[in-house]
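Undergrad: one predicted model, sequence on top.
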Amino acid sequence: MKTFVGIDLGSTTTKAVLLDEECKVIGHGITNSRSNYATAAHVASQEAHVDGQFTLFRRALTDAHARIELDTFLGALERAFRLEQFLEQLDDLEQTCIGQIRGERFAKVESGVKDSLGEVFRRLRREAPELYAPGAKRKSDFFRDIAGSRYHTHAEEVAREANLPYDLLLNVYDKSIIEVENRPPTGKLSDKFRRALARVLTTEPSIKSAAADIQKMIDGALAVDLEETYLVGTGYGRVTLPFSKEHIRSEILCHGLGAHLMYPQTHTVLDIGGQDTKGIQIDADGIVTNFQMNDRCAAGCGRYLGYIADEMNMGLHELGPMAVKSDKPARINSTCTVFAGAELRDRLSLGEKREDILAGLHRAIILRAISIISRSGGVTNEFTFTGGVAKNEAAVRELRKVIQENYGEVTININPDSIYTGALGAAEFARRAHLGQADGSEQ
Amino acid sequence: MTTPTKFVTSRAPAKEVIKDASMVKQKEMMAAHYDRLTSAPETGDKVAATFVPGNLNELIMCFDLLNNLPEVNAIQNGLRRVSGSYVLEAEKIGHSEDVCTYVKSDIGMMAKGNIAPNGRKFPDPDVLLLSYTGCFTFMKWFELLREQYKCETIMLHTPYMGDGKITKNMIEYMVKQLKDEVIPALERVSEVKFDIDRLREYLKKSAKAEDDLVRVLQSAKAKPSPIDAYFGGIYYIGPIFGAFRGTQDAIDYYRFLREEVEDRLAKGQGPVTPDGDMGKEKYRLVVEGPPNYTSFRQFWKMFYDEGAVVVASSYTKVGGVYDFGFRHDPDKPLETLAEYCLGVYTNRNLPMRIDMLVNYVNEYEADGLLINSIKSCNSFSAGQLLMMREVEKRTGKPAAFVESDLVDPRYFSAANIKNRLESYFQMIDQKRAGADAAA
């Protein structure tokens, strides 16, 4: 089947959306941008294909009225698939680490380091299924984050047991992880799906009776070629991609069109990403009529929250929940990222509560964003909030308040998939380009 | 997929910049002027420092004074990429980050030896002549220079065109200042007696060059436009906004330029860019606001790489608005100087500026308006959003907004500006496609 891919290369994450010919989303994919946009684009696109396969599985199983609990089965299949993917990357990491054992440093301990590495990876493989067990919580879904933290724990133990300097194991890991991360997984997707299915069929007794039917339907879905008919790239890193001009669109236009596809009545779009804040006005066809964005200073963008999280030794996703506990936000004037740490320590030393400071910071971000929105023409109709920061509940709470204060009652749309808005717009541009509407207008 | 769109220019060895003959000639004129200026200690010439908007070059020449323009020096320092260190120097002395970067570049240059682009020291000014006060920073700037040089300072007050018109009272008020204060002070400094007939001669020459300048600027009404009226326009306005208005050199230069442009026009050619002849004209823009000088070529490239040509700009009117009929008039020598000062772009109120921009978008059949907002120039930036909205409303054409600075390299973010420009060009594409579909 023909598919259309939109890739949004953000400064923090890279997102991909796969559309079918009817403009229906069949897959989403996301990965960290890792300063290597070519790999990030490849991985995100592959992730969207994986997600697309699940859509096809769901369609096939639904059409066939398979006598199974669909969500449970697909959930199990996805966990098993992720596990297979993780194990494949672990193998790659191990081989790469072994390749790094060379030079004077390792002269006398080479075999010891090799044995220890083997033990570390044995332990990593042994515990891997737990990481993907039902209900298991992972701080991140990115290989680097998951493998990194567990590697450190095991390497420390193994080095102690083997009486080896820990930093030798750390050294080979540090040299290898970037290489592995920048190498997209090579194994065939369909093989991984088949291995994952075999795993599910052995571990989920409830579906055993339908195993043959499921196997047949999954094979049928895997046989469908998700042909990448046209691709459009957008976002911060778009110019670094080896795409020709007709395959690149501005992220402002993509966010506008993406928001329009999600909410056809929307006229104003706010996007707060890692590096940029954009206020976009669109017409009834999703065409951008005006926009404003921050200048080179990334004050008050997603990156700012990242710095704050680092300063507070918290995860980025923990900031919002803590900030919403506050009912007395601190008054913060500066959203300068450079001074984020100083601002924070200043407030803490004055005895202000962490949640109040955080709530104040979120409000400051939103006030800055609203100033950009006003400059682009204000809020005239339905308002759509997109970008990574739209996932932050404290930012959303402040946004609702500030919009209400400035523009009264306005419908505010926040899509659970808002992070994919730009990629969705790009995918639709790809679809239209294929239909001969290279300018992206609806004709 | 075809050609990759990677940025390769930054890594490629520097290519020779392509210039048309008029640009080469203009550069030679500027170099000759800097040589005259820096030779002043040997020749005994006296020097008047003054500003571009409302500069009274014809009057200055009546007293055998050489004209030195601190703004132009700042621009030269920006183009030569030395303004950044001057700005830092001025900040070290105590000027804050928000101060106009022309001022800081000038102050920093003085602190670092006051070296002109030809490598020789600028002479100290004998007189400071501020003939335009639309920008209040100019006044402070000259106060700083007065502090430094302890020389005679003349401040000619030009009333702001708040009501959008020049009244008889305004002219009389300015002529009185010229007669009672400016001319006597210039006589005192130069020890040259004022001769109004000499002024008339210069003004006659000014008007001739102005005619040709207007012909050049208006050639952009053609499709394709043979000139870029913003980036190329900066070269074209150099002589007439600086030390050459009223000279035979200016007449010769603008005649030469006009012929060159008319030749391109006849051949149906587009503008010459630093990379050679521009490709197909895809977008026609009107630009409001000064350019960025520290990354001038990079900024320009973002336009011509996309086939965007600027067909009219407000910045090329800061040293005089000639395209609506005004010419220096030798029959009314002092009155015409007053009228000239009053009429420069920066002395016009917002409705007048809007009218001008709307006129440009319509007359030059532009696709829209682009504003380059300058971080450290509130005088230019205040009101620009309002202007943008109004122009959008009245022309129905899309507008966009980019931000940079005059000569502070820290404020130029290539990725950010390129992003906005590309978005804008794609917006224009969409608008056109929408209009075609509706037709």
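TA: On my side now, so go ahead.

Undergrad: which helices and strands sit right next to the helix ranked longest in chain A?
TA: Looking across chain A with DSSP state H, the single longest helix is helix A:70-99. Counting by 3 or more Cβ pairs under 8 Å, 6 or more residues apart in numbering or on different chains; DSSP states H and E, the packing neighbours recorded for helix A:70-99 are helix A:37-63, helix A:110-131, helix A:143-162, helix A:166-181, helix A:189-203. Every residue, glycine included, has its C-beta placed from N, CA and C.

Undergrad: what packs against the longest one?
TA: Put plainly, it is helix A:37-63. Applying 3+ Cβ pairs under 8 Å, 6+ apart, one finds that helix A:37-63 makes contact with strand A:2-9, strand A:13-19, strand A:25-32, helix A:70-99, helix A:189-203, helix A:211-223, strand A:227-234.

Undergrad: angle of the longest one against helix A:211-223?
TA: What separates the directions of helix A:70-99 and helix A:211-223 is an angle of 60 degrees, with axes from the mean of the first three to the mean of the last three Cα atoms, to 10 degrees.

Undergrad: for helix A:70-99, buried residues please.
TA: Going by neighbour count (16 or more other Cβ atoms under 10 Å in any protein chain shown), the buried part of helix A:70-99 is A:73-74, A:76-90, A:92-94, A:96-98.

Undergrad: the stretch 251-400 of chain A: helices as residue ranges?
TA: A:251-262, A:302-311, A:316-323, A:340-349, A:354-376, A:393-407 (DSSP state H, counting those that start in this stretch).

Undergrad: and B:Gly113, how far from chain A?
TA: Using Cβ to the nearest Cβ, to the nearest Å, we find B:Gly113 at a distance of 31 Å from chain A.

Undergrad: meant to ask about B:Val310, not that
TA: Taken as Cβ to the nearest Cβ, the span from B:Val310 to chain A is 20 Å.

Undergrad: residues touching the host helix or strand of that residue, excluding its own?
TA: In this structure, B:Val310 sits in strand B:308-313 according to DSSP states H and E. Residues from elsewhere that reach strand B:308-313, judged by Cβ atoms under 8 Å, 6 or more residues apart in numbering or on different chains: B:217, B:220-221, B:224-225, B:228-231, B:233, B:270-271, B:278, B:281-288, B:303, B:360, B:363-366, B:370, B:421, B:425.

Undergrad: count of residues packed around residue 176?
TA: Going with chain A. 20 (other Cβ atoms under 10 Å in any protein chain shown).

Undergrad: wait, I meant chain B there
TA: There are 12 residues near B:Lys176, going by other Cβ under 10 Å.

Undergrad: chain A versus that one, what's the distance?
TA: 43 Å.

Undergrad: check which helix or strand covers that residue.
TA: helix B:168-177.

Undergrad: helices or strands next to that helix in the packing?
TA: Counting contacts by 3+ Cβ pairs under 8 Å, 6+ apart, helix B:168-177 is packed against helix B:333-343.

Undergrad: so the helix it packs on versus helix B:168-177, what angle?
TA: Going by the same axes, to 10 degrees, helix B:333-343 makes 120 degrees with helix B:168-177.

Undergrad: just how off-centre is helix B:333-343 within its chain?
TA: Distance of helix B:333-343 from its chain centroid, counting by Cα atoms, centre = their mean, to the nearest Å, is 19 Å.

Undergrad: picking that back up, out of the helices and strands packed on helix A:70-99, which is the most enclosed?
TA: Stretch with highest mean neighbour count among these: helix A:37-63 (a mean of 21; mean count of other Cβ atoms under 10 Å in any protein chain shown).

Undergrad: could you give the average pLDDT over that helix?
TA: Average pLDDT, helix A:37-63: 90.

Undergrad: what of stretch B:103-112?
TA: 95.

Undergrad: next one: that stretch to chain centre, how far?
TA: Counting by Cα atoms, centre = their mean, stretch B:103-112 comes out at 20 Å from the chain centroid.

Undergrad: now swap in stretch A:413-424 and tell me
TA: 12 Å.

Undergrad: need the strands for the stretch 1-150 of chain B, in chain order.
TA: Along the stretch 1-150 of chain B, the stretches classed as strands by DSSP state E, counting those that start in this stretch are B:46-50, B:65-68, B:127-130.

Undergrad: what's around A:Asp213, how many residues?
TA: A count of nearby residues for A:Asp213, using other Cβ under 10 Å, gives 15.

Undergrad: was I right to think it contacts A:Ala64?
TA: Yes: at 7.0 Å, A:Asp213 counts as touching A:Ala64 under the criterion of Cβ atoms under 8 Å.

Undergrad: circling back to that earlier point, can I get the helices of the stretch 251-400 of chain A in CSV with mean pLDDT, distance to B:Lys176 and mean neighbour count?
TA: Output for these, formatted as CSV (pLDDT from 0 to 100; distance: least, Cβ to Cβ, whole Å; neighbours: other Cβ atoms under 10 Å in any protein chain shown):
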stretch, mean pLDDT, distance to B:Lys176, mean neighbour count
helix A:251-262, 95, 53, 29
helix A:302-311, 82, 57, 20
helix A:316-323, 88, 64, 18
helix A:340-349, 81, 55, 16
helix A:354-376, 90, 43, 22
helix A:393-407, 93, 50, 18
